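>>> how would this look folded up:
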Amino acid sequence: MRFEITIAGMLAVHAKYAVFTALGAVEGVTGAEVELGRALVTHDGRVTEASLRNAIAAAGFEVLEVRALPRTLPIL
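Below you'll find the predicted structure:
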């Protein structure tokens with residue numbers, strides 16, 4: 001399962017690290033790819049939108065949007 005998150009206020013490389021660290025502390029997150037202004041989070045199903053928003057807010061950034069992404073299908 002995956003979420004795509006749009007984040008405001010990420011202006012430098014240290015912001016990527018702060019968001020990555022915050023997301024990694026959320027129980028159930030199994031991976032995160034963080035770029036300036038955006039994060040793609042994979043999880044085991046226990047993660048809620050609210051827990052992601054709270055973690056990012058605690059790191060000092062504003063979440064603009066959270067979208068649940070469909071599961072990817074295996075390539076045949």
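>>> what are the boundaries of the strands in the protein?
2-8, 29-35, 38-43, 62-69 (DSSP state E).
>>> list the buried residues for the second one?
Looking back up the chat, that one is strand 29-35. Using 16 or more other CB atoms under 10 Å as the test for burial, strand 29-35 gives 29, 32, 34. Where you see a C-beta, it was placed from the backbone N, CA and C, and this is true even at glycine.
>>> retrieve the pLDDT associated with residue 70.
Looking at residue 70, its pLDDT stands at 84.
>>> distance of it from residue 17?
From residue 70 over to residue 17 the distance is 29 Å, taken as CB to CB, to the nearest Å.
>>> cool, residue 57 as well?
Between residue 57 and residue 17 the computed distance is 17 Å (CB to CB).
>>> and for residue 10?
10 Å.
>>> the two: which is more packed in?
Neighbours around residue 10 and residue 17, counted as other CB atoms under 10 Å, are more numerous at residue 10. The numbers are 22 against 12.
>>> which one is that one nearest to, not counting chain neighbours?
Excluding the flanking residues, the one nearest residue 10 by CB to CB, 6 or more residues apart in numbering is residue 36, at 4.8 Å.
>>> pretty sure that neighbour is touching residue 14, no?
No. Counting by CB atoms under 8 Å, residue 36 stays clear of residue 14, with 10.7 Å between them.
>>> between these two, point out the one with more neighbours.
residue 36 (13 against 9).
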